[in-house]
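Undergrad: what's the 3D shape of this:
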Amino acid sequence: MATNSSLPSQVEVGATPHGEGLIGRVHFLYRRKARTWFGILAPTSLLSAAVLVLADQQNKLIFRSIPRGEIASHFTDVLKAGAFLYGGFSLAWLLGCFALAAIATVVSDLDTDKEEGVWKHDSYQRAREHFGAIFLLAMITFLAFLAGMGVVMFVELTLLRSILRSHWMWTQGISAAGFVLVAAVVSWLGTAIPLILRGQDSVRAALKRSIEVSNGHEIALFLLVVETLAGSYFAWYATVHGLRFILPDSVRHAFWYGWFLTLTGVLASAAVEAPLFLAFAVLADGQNAE
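TA: Numbering: from 1, shown residues only. Below is the predicted model:
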């Protein structure tokens, strides 16, 4: 569907030096259309942040209502708190999948209609058309991520009870390393969403094909996962703490200051999150995956 008119894929990615690897292609495409990627990621990032903040507030509110030492007798409330927490994470994950679909739509030029009409399709048009498949892929990948983090937590507890009793702080390093490793493995499934947008694969076939096209690019995907996570964290940290030294006291003591920091931090993170999504879109293009 996009093999004949994929402008970013054929012109921009194809304009990279001969022999350029996946990371080089992704960074080239990111620099060429940085504003476009930010325009896609900023709204979904803000919505995700709002969802996570509301879920966290509800979670804390429920636990505060439980008397100390009586958690066991309030099992229903604990389940409700967990539902808010993991429900928020799953919704934020779904929003991220829709952002990936929008980015893949632009990369493969799937938002260009052969016939001109009154309505111009936006970057999310393809995502809306394949809502069911994207929702299912989002839940599958989210559950895969949770399963992976469950294994990491089991390893942490095992080490904490045995060899790390006197070095509890080491578990934080294990958690971070485990998080990155699990995210890197789950990234092998990320190309399934760009493949689904072409309308040629079932969810099962797209997942299988995603693993196939990721073969040989595991190190590149791992590095892009590290780059995305580290870049998002440092962009947020630098923005939030940098503003504290720049803004006057009158602003820092305003009632809206905390929300302003959160808003700017989220937007700063969104500005550097595109490379991993771009990698999935590039891999979905067969001619660019070679």
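
Undergrad: just the helices in the stretch 1-150 of the chain please.
TA: 7, 22-32, 34-64, 75-107, 125-129, 131-161 (DSSP state H, counting those that start in this stretch).

Undergrad: out of the ones you listed, which is closest to Gln172?
TA: Closest approach to Gln172 among the helices of the stretch 1-150 of the chain is made by helix 131-161 (9.5 Å; CB to CB). Just so you know, the C-beta spots here come from the backbone N, C-alpha and C atoms, and that holds for glycine as well.

Undergrad: what's in contact with the helix or strand following that closest one?
TA: Following helix 131-161 in sequence order, the next helix or strand is helix 170-186 (DSSP states H and E). Residues outside helix 170-186 that contact it (CB atoms under 8 Å, 6 or more residues apart in numbering): 141, 144-145, 148-149, 151-152, 155-156, 159-160, 164, 218, 221-222, 225-226, 229.

Undergrad: tell me the spacing between Gln172 and Thr228.
TA: 20 Å (CB to CB, to the nearest Å).

Undergrad: more neighbours, these two?
TA: Looking at Gln172 and Thr228 with other CB atoms under 10 Å, you find the greater number of neighbours at Thr228, namely 20 against 10.

Undergrad: tally of neighbours for the closest residue to the more buried one other than its chain neighbours?
TA: Computed as CB to CB, 6 or more residues apart in numbering, the closest residue to Thr228 that is not its neighbour in sequence is Leu276, at 4.4 Å. Other residues near Leu276 number 23, with proximity taken as other CB under 10 Å.

Undergrad: from what I can see Leu276 touches Phe222, true?
TA: No. The pair Leu276 / Phe222 is not scored as a contact, 10.6 Å apart, by CB atoms under 8 Å.

Undergrad: can you list residues touching both of those two?
TA: Counting by CB under 8 Å, 6+ apart, the residues touching both Leu276 and Phe222 are Ser187.

Undergrad: quickly find the element holding the residue nearest to Thr228.
TA: Going by DSSP H and E, Leu276 is in helix 274-284.

Undergrad: run the chain-centre distance for that helix.
TA: On the basis of CA atoms, centre = their mean, to the nearest Å, helix 274-284 sits 11 Å off its chain's mean C-alpha point.

Undergrad: buried ones in it?
TA: 274-284 (16 or more other CB atoms under 10 Å).

Undergrad: what's the answer for stretch 248-267, then?
TA: Those buried within stretch 248-267 under the rule 16+ other CB under 10 Å are 261-262, 265-267.

Undergrad: next one: stretch 51-59
TA: 51-52, 55, 58-59.

Undergrad: what residue lies at the spatial centre of the chain?
TA: Gly96 (4.9 Å; CA atoms, centre = their mean).

Undergrad: does Asp77 touch Ser65 like I think?
TA: Yes. Asp77 is in contact with Ser65 according to CB under 8 Å; the separation is 7.1 Å.

Undergrad: between those two, which one's more packed in?
TA: Asp77 (15 against 10).

Undergrad: quick one, what contacts the more buried one?
TA: 62-63, 65-66.

Undergrad: would you reformat the residues you listed as CSV and include distance to Leu197 and pLDDT?
TA: Formatted as CSV, those follow (distance: CB to CB, whole Å; pLDDT from 0 to 100):
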residue, distance to Leu197, pLDDT
Ile62, 39, 81
Phe63, 41, 78
Ser65, 44, 79
Ile66, 45, 75
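
Undergrad: out of those residues, which is nearest to Ala192?
TA: Out of these, the member with the shortest distance to Ala192 (by CB to CB) is Ile62, at 34.9 Å.

Undergrad: could the helices of the stretch 1-150 of the chain go into a markdown table alongside distance to Gly178?
TA: Formatted as a markdown table, the helices of the stretch 1-150 of the chain follow (distance: least, CB to CB, whole Å):
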| stretch | distance to Gly178 |
| --- | --- |
| helix 7 | 40 |
| helix 22-32 | 23 |
| helix 34-64 | 21 |
| helix 75-107 | 17 |
| helix 125-129 | 31 |
| helix 131-161 | 3 |
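
Undergrad: pLDDT of stretch 86-99, averaged?
TA: Throughout stretch 86-99, pLDDT has a mean value of 93.

Undergrad: circling back: reformat the contacts of Asp77 as CSV; add distance to Val185.
TA: Shown next, in CSV, are the contacts of Asp77 (distance: CB to CB, whole Å):
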residue, distance to Val185
Ile62, 32
Phe63, 32
Ser65, 38
Ile66, 36
